[in-house]
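J.: coords please:
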Amino acid sequence: MSTLLLLSNSTSPGRPYLAHARDWIAEAVGDARRVAFVPYAAVTFAYDDYVARVREALDGLRLEIVGVHASADPAGVVAGADAVFVGGGNTFHLLREAYRHGLLDAIRQRVADGAPYVGWSAGSNLACPSVRTTNDMPIVEPPSLDALGLVPVQINPHYTDAHPPGHQGETRAQRLAEFVAANPESPVVGLPEGTAVRVADGRAGLLGEGAARVFDPQSPEGREAAPGEAEALFVR
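T.: Residues are numbered from 1 along each chain as shown. The predicted structure is shown next:
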């Protein structure tokens, strides 16, 4: 079974890009060398620049990181890769481009064949059954909100219960309570900054120091996950 590494975020305060996750990524990819990187969540900067940033961040891990956008056949790049990385940015833009380039089936197949999958933020949303628990604005319209379904549970990256003084809009917890009310069959795991989920060999584990929160019909406002509870949700 492939290893999945689903990161809440790519940058931690005071640390370089992906620095907090380098060891996790190295462990997840194992002996993989050729990485198909999907940069389509980027909207306000060039895909080439995104690839360069990831290469710089993971320099020393002996990975050949190839942007799928540079090929006339992005799905073919995925098919020929040892691992698949999907970066953060705008989830709706990522999903629209993934549909447009036939990447969903290609990634599912490659992961089914054993390739590790590493995603952060929008890339973690893409691994879920749908992208309906992203924090992003729907700046474009994908053909569907259905995503890869590599895990059987929804993720909310960058989870926080912060409520700034004077803010009269819904909190993150209230938004997720709306989701589980409308979709009681789909629990949501809120991953705070600096955390990740690793799924391998039929087991899942939470990485990092923050506590995940679980949203479901029994706890629509969210509860801190008991030991092993959030992890169990990620195993089919």
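J.: roughly how far apart are A232 and G119?
T.: With the distance defined as C-beta to C-beta, to the nearest Å, A232 ends up 20 Å from G119. Yep, even glycine has a C-beta here, placed from its N, CA and C like the rest.
J.: higher neighbour count, those two?
T.: Higher neighbour count among A232 and G119: G119, with 29 against 12, using other C-beta atoms under 10 Å.
J.: just to confirm, which helix or strand has that one in it?
T.: strand 117-120 (DSSP states H and E).
J.: convert whatever helix or strand comes next after that strand to PDB, retaining C-alpha atoms only.
T.: Under the assignment DSSP H and E, the closest C-terminal helix or strand after strand 117-120 is helix 122-126. C-alpha atoms of helix 122-126 as PDB (Å, rounded to 0.1, in the frame of the first residue of the first chain):
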ATOM      1  CA  ALA A 122      -4.800  22.200  -1.100                       C
ATOM      2  CA  GLY A 123      -2.800  19.100  -1.900                       C
ATOM      3  CA  SER A 124      -4.200  17.500   1.300                       C
ATOM      4  CA  ASN A 125      -7.700  18.600   0.400                       C
ATOM      5  CA  LEU A 126      -7.300  16.900  -3.000                       C
END
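J.: can you give the contact residues for helix 122-126?
T.: For helix 122-126, the surrounding residues in contact (C-beta atoms under 8 Å, 6 or more residues apart in numbering) are 6-8, 38, 41, 85-91, 94-95, 98, 119, 131, 133-134, 136, 147-148, 155, 157, 191, 197.
J.: how about the helices in this protein?
T.: Taking DSSP state H, the helices of the chain run over residues 22-29, 47-57, 74-79, 91-100, 103-112, 122-126, 172-182, 229-233.
J.: what helices or strands is the first one leaning on?
T.: Counting contacts by 3 or more C-beta pairs under 8 Å, 6 or more residues apart in numbering; DSSP states H and E, helix 22-29 is packed against strand 4-7, strand 117-120, strand 196-200.
J.: distance from the chain centre to that helix, please.
T.: 15 Å (C-alpha atoms, centre = their mean, to the nearest Å).
J.: any buried residues in that helix, and which?
T.: Of all the residues in helix 22-29, those buried under the rule 16 or more other C-beta atoms under 10 Å are W24, I25, A28, V29.
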